[in-house]
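J.: here is my input; please provide its structure:
(chains A and B)
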Amino acid sequence: MTSAGESVSRKWYSGMLKTEDWWAVWLGLALFLAGLGTIWGVDIVGWMTKLKTWEFTQVMNDLSWSKLMKASGKAYAGWHPLASLFMTWLVFTALTTLGAWFMGLNVTRFFLGWTVIFFLTWALWIIGHEAHFKAHKTAESITAAQVWGDDIYCLTKVNKCSKELKAALKDMGADPLKPTPEQAAAAVEKAKHAVRLSWGLQLGGGFSFMLALAVGLIIGNFIKPVAEFLKEAAKPEWFIKTAIVYLGIKLGHLSLKSSSFTFELLLAGAAATFVAYLLFWPIVYWLGRKPFRLPRDASAVLASGISICGVSAAIATAGAIRAKPVLATVVSMLIVIFAMLELIVLPGFYTAAFPDQPIVNGAALGMTVKTDGADAAAGAILEELMKARHYQETGQLWGAGILESAIVTKIWIDVFIGVWAFVLAIMWMKYVERTPGQPRVGASEIWFRFPKFVIGYFIAWFTYLAIALFWPELGKAADAGAKIVQSPMRKMMFMLTFVAIGVITDFSKLKGMGRLAVLYAIALFLIIAPIALVVAYIFHRGMMPLPAGG
Amino acid sequence: MSADLELTLTHDGNDWVGRNADLGIHVKGESLGALDAALMARLAAMPEWAGRRVTVAMRFDNATIPTWIRQYAAHYFNRLVELDLRAEAASHA
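T.: Numbers count the residues shown, from 1 in each chain, chains lettered A, B, ... in the order given. This is a model prediction of the structure:
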């Protein structure tokens, strides 16, 4: 008599409809492919809402939704902004709820929680677009304040404001290069997107991110019944992995602008990751075993969690060495909570301490922050802070590169989790737990631990690159849809990540973690972060973001 | 590779627990080795398994991992062990 004789090995396609990792691929590629509809002249994604930078008194004087947002695509220009927002909610709700159903989540709770998170996110995002928080000073205010005054801010891209100011001066018959203060003042009045403000933080998109994170953390730590209600839908890893698939388009675009920069970023990221692996893991394992006298399994799980890729690595290691699951759970709690601390502290610290090393800082974040959500979120804040600081100091705008360096480094780390789990499992059974009759470890472990969202990222990247290289005549048409997916959709997924990651973070869980928490803090801030910075400096020094629009 | 017998594997905080409710199997062990030994003893006492070489698949029940962690990793581990009950039967004889 036999019981169910099903194979213990999972099929290679196991989980394709049941895991968030795969659903990030489906959600990402569905909208990426929909965006490509513009190649055939069909705009399937233009309903996506795009926010505008707005100024408080202007909107209060003439209340209108169209001052706050609009549909992204030209084909949808006639849509009421709220219809566009409703459509955005409808499409993303349908897709995510479908995913929630397949993943076996409580669909009703997911739908309600998602809807609350969605509209809360948009409300915060709208607030974050207020000019006093977001708008940058115009280049004229930075470089020629004696003529223009130092209080002119731009409600759109700063180079567009400069063009508007120059056009206004030409219309008046003034010299666009040497206006008088009176002519400059008149040009500011005429320019559509230039405003005078008594103060401005000039944080770009960074303020929205920080606001979303702060509100998420307040809910997660002080309004716990609400956090409990939202938890079913608060999926920062799902949201950020979907955003990273969309980011593949941006990397494709970046590859076209500068293939050498992209190649160097990939190569340096891989080399830095490899070096970091070899340094972090043995040091933290030794710290756990010797000074902290932790058991072997606890030291190994903690070393993997803090050295490699956070929760995924901790669980992969715990599974590989057959550790008690409670150990993986405790280490995972530590990782998530400390990732939040890193997210709060590191972007501001790196911006202040190393303002001239933007790509080094991005790569260091990628090696230090241990969850994909927190790393991408920290990378996004770092990029906004560093760009804003550089612009304020030089009047020159940096383009892409900082966020990409944080994410490329992290993706390399993610990709090798499976390999590490496989190697560790073999080593553990061969040298540590030498019990006769131990089951063999299959190489399929590498595939099962492989982060599947990376597949979506590469598909988006290479598809976009292939279109631009092999069918350049289609490039402009493809751009129209791809830009919508890459910009407003990706940024919305980032914003959802910030709110969700705050909601699921409960700092009170640190209580009672004892030696593990102390070891984690010491290892993170005294070993991992400094080594990551040195390794990032060795491999990325001298690399700078591409100029904006260049 | 297929198995003769499947068990659900969990950990109750102290012991590894292997279970197959349909066959009335519920065994515990502080380590996985102890669990295997307990399972061998249990199977040896069951006429349908005694004296055989049995391949046992133990699937970790992911539902016991907290929901919020499952978004980071969907899979813990599974085991496939071969238990030789022939020697066990001989020693009982």
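
J.: partner residues bridging B:Arg59?
T.: B:Thr8, B:Asn78 (DSSP bridges).

J.: so B:Arg19: helix, strand or coil?
T.: What DSSP: H, G, I helix; E, B strand; the rest coil gives for B:Arg19 is strand.

J.: just give me the neighbour total for it.
T.: Here the count is done by other C-beta atoms under 10 Å in any protein chain shown, and B:Arg19 has 17 residues near it. Any C-beta I mention is one placed from the backbone N, CA and C, and that applies to glycine too.

J.: that one touches B:Leu35, doesn't it?
T.: No. Between B:Arg19 and B:Leu35 there is no contact under C-beta atoms under 8 Å: 10.9 Å.

J.: hey, what's in contact with both of the two?
T.: Both B:Arg19 and B:Leu35 are contacted by B:Val27, under the criterion C-beta atoms under 8 Å, 6 or more residues apart in numbering or on different chains.

J.: phi, psi of B:Ala3?
T.: Per-residue torsions, B:Ala3: phi -120, psi 160 (degrees, to the nearest 10).

J.: low-scoring stretches of chain B, by residue?
T.: When residues are selected by pLDDT under 70, those of chain B lie in B:1, B:71, B:74, B:88-93.

J.: longest single helix anywhere in it?
T.: helix B:32-44 (DSSP state H).

J.: against B:Asp36, how distant is the residue most central in space within chain B?
T.: Nearest to the mean C-alpha position of chain B, by C-alpha atoms, centre = their mean, lies B:Gly18 at 4.3 Å. Noted for B:Gly18: a distance of 9 Å to B:Asp36, by C-beta to C-beta, to the nearest Å.

J.: is the longest helix of chain B positioned near chain A?
T.: Yes. Shown here: helix B:32-44 in contact with chain A (C-beta under 8 Å from any C-beta of the partner chain) through B:32-33, B:36.

J.: and the residue nearest to the centre of chain B, what does it touch?
T.: Listed by C-beta under 8 Å, 6+ apart, the contact partners of B:Gly18 are B:7-9, B:25-28, B:35, B:38-39, B:58.

J.: buried residues in the longest helix of chain B?
T.: B:32, B:35-36, B:38-40, B:42-44 (16 or more other C-beta atoms under 10 Å in any protein chain shown).

J.: just stretch A:117-125 next, same as before
T.: For stretch A:117-125, by 16+ other C-beta under 10 Å, it's A:117-118, A:120-122, A:124-125.

J.: for that stretch, C-alpha coordinates in PDB please.
T.: The C-alpha trace of stretch A:117-125 is given here as PDB (Å, rounded to 0.1, in the frame of the first residue of the first chain):
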ATOM      1  CA  ILE A 117      -3.800  51.900   0.200                       C
ATOM      2  CA  PHE A 118      -4.300  53.000  -3.400                       C
ATOM      3  CA  PHE A 119      -6.200  56.200  -2.600                       C
ATOM      4  CA  LEU A 120      -4.100  57.000   0.400                       C
ATOM      5  CA  THR A 121      -1.000  56.700  -1.800                       C
ATOM      6  CA  TRP A 122      -2.500  59.000  -4.400                       C
ATOM      7  CA  ALA A 123      -3.500  61.600  -1.800                       C
ATOM      8  CA  LEU A 124       0.000  61.600  -0.400                       C
ATOM      9  CA  TRP A 125       1.500  61.800  -3.900                       C
END
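
J.: hmm, who's touching that stretch?
T.: A:49, A:51, A:85, A:89, A:92-93, A:208, A:211-212, A:215, A:230, A:233-234, A:492, A:495-496, A:498-500, A:503.

J.: how about 7 Å then?
T.: Residues outside stretch A:117-125 that contact it (C-beta atoms under 7 Å, 6 or more residues apart in numbering or on different chains): A:51, A:85, A:89, A:208, A:211-212, A:215, A:230, A:233-234, A:495-496, A:499-500.

J.: show me how far it is from its chain's centre.
T.: 17 Å (C-alpha atoms, centre = their mean, to the nearest Å).
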